[in-house]
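1. Give me coordinates for this.
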Amino acid sequence: MPIYEFKCLKCGELVEMLFKSSSETVEMKCAACGSPDMERVMSATNFSISGGSGSPKPASQTRTCGSGSCTTYEIPGHSR
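-> Numbering: from 1, shown residues only. Sure thing, here's the model as predicted:
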């Protein structure tokens, strides 16, 4: 059961939501102000990625998109 974090676009409140399945429907409303304008954010982790010198480092790229700003994260490691 994954826990996701969402940020209210109106007041900035961070909210955690637990989903029991990927098909579950949940009403997205800010607990602080009641706004339905929420966006999913990347949760903080309790580990760090490390490597020797010369190892690729995590990187992010932020750009403007239709809903405001969008960020893409490139995390080194294995990919599918």
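
2. From here on, just use CA atoms for contacts and neighbour counts.
-> Fine.

3. Please state the backbone phi and psi of the nearest residue to residue 75 once chain neighbours are set aside?
-> In this structure, residue 75 finds its nearest non-sequential neighbour in residue 58, 4.6 Å apart by CA to CA, 6 or more residues apart in numbering. Phi and psi for residue 58, reported as degrees, to the nearest 10, are phi -60, psi 150.

4. now residue 74
-> Torsion angles, degrees, to the nearest 10, at residue 74: phi -110, psi 110.

5. count of residues packed around it?
-> Residue 74: 12 surrounding residues under other CA atoms under 10 Å.

6. which residues touch it?
-> 58, 59, 60 (CA atoms under 8 Å, 6 or more residues apart in numbering).

7. Drop anything exposed from these.
-> Buried members of those, counted by 16 or more other CA atoms under 10 Å: none.

8. the strands in the chain, which residues?
-> Using DSSP state E, the strands assigned to the chain run over residues 3-8, 14-18, 38-41, 59-65, 68-74.

9. Minimum distance to residue 24: which of the ones you listed has it?
-> strand 14-18 (10.2 Å; CA to CA).

10. sorry, back to before: list just the one of the strands of the chain that sits closest to residue 31.
-> Nearest of those (CA to CA): strand 14-18, 7.4 Å.

11. name the helices or strands packed onto that closest one?
-> strand 3-8 (3 or more CA pairs under 8 Å, 6 or more residues apart in numbering; DSSP states H and E).

12. If we go by neighbour counts, what in the strand it packs on is buried?
-> For strand 3-8, by 16+ other CA under 10 Å, it's 5, 6, 7, 8.

13. Could you provide those residues in JSON lines, with additional columns for pLDDT?
-> Below are the buried residues of strand 3-8 laid out as JSON lines (pLDDT from 0 to 100):
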{"residue": "5", "pLDDT": "86"}
{"residue": "6", "pLDDT": "88"}
{"residue": "7", "pLDDT": "89"}
{"residue": "8", "pLDDT": "91"}
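
14. Check those and tell me the two furthest apart.
-> The distance between the two most remote of the buried residues of strand 3-8 (CA to CA) is 10.2 Å, for 5 and 8.
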